[in-house]
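>>> Task: produce atomic coordinates for the following.
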Amino acid sequence: MAELAADADLPLTVVRVLLGDLAEAGLVRIDRPRRVQATGPAADPQLLREIVERLKKL
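Numbering: from 1, shown residues only. Have a look, this model is predicted:
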């Protein structure tokens, strides 16, 4: 929803209401998010901490 709101340049709450209305009308389907297990560098907590620290320095 956040990406849709940003692309449409609309507030998130507006997009939530619009999607709810579209779902009730049967025009869109909303599924539960799927969890994907992080692997590789994305799963390394030390690397993620280092990225956060470097972003803070910016």
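>>> what residues does the host helix or strand of residue 52 touch?
Per DSSP states H and E, residue 52 falls inside helix 45-57. Under the criterion Cβ atoms under 8 Å, 6 or more residues apart in numbering, residues 41, 42 lie in contact with helix 45-57. No exception for glycine: its C-beta is placed from N, CA and C like everyone else's.
>>> what mean pLDDT would you report for that helix?
Summarised as a single mean, pLDDT over helix 45-57 is 92.
>>> Output that helix as CSV, nothing but the C-alphas.
Provided in CSV are the C-alpha atoms of helix 45-57 (Å, rounded to 0.1, in the frame of the first residue of the first chain):
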residue,chain,number,x,y,z
PRO,A,45,22.9,-9.0,11.5
GLN,A,46,26.4,-7.5,11.7
LEU,A,47,26.3,-6.2,8.1
LEU,A,48,22.8,-4.7,8.7
ARG,A,49,24.1,-2.9,11.9
GLU,A,50,27.0,-1.6,9.9
ILE,A,51,24.7,-0.3,7.2
VAL,A,52,22.5,1.5,9.8
GLU,A,53,25.6,3.1,11.4
ARG,A,54,26.9,4.4,8.1
LEU,A,55,23.5,5.8,7.2
LYS,A,56,23.4,7.6,10.5
LYS,A,57,26.7,9.2,9.7
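>>> show me where pLDDT drops low in this structure?
Within the chain, no stretch has pLDDT under 70.
>>> how distant is the helix holding residue 52 from the center of its chain?
20 Å (Cα atoms, centre = their mean, to the nearest Å).
>>> Likewise for stretch 7-19?
In this view, stretch 7-19 has its centroid 13 Å away from the chain centroid, taken as Cα atoms, centre = their mean.
>>> For it, which residues meet the burial criterion?
15, 18, 19 (16 or more other Cβ atoms under 10 Å).
>>> Please enumerate residues in contact with it?
With Cβ under 8 Å, 6+ apart, stretch 7-19 has contacts from 1, 2, 4, 5, 28, 30.
>>> filter these to the buried ones?
residue 5.
>>> Now for the contacts of stretch 7-19: which two are most distant?
With Cβ to Cβ as the measure, no two of the contacts of stretch 7-19 lie farther apart than 2 and 28, at 16.3 Å.
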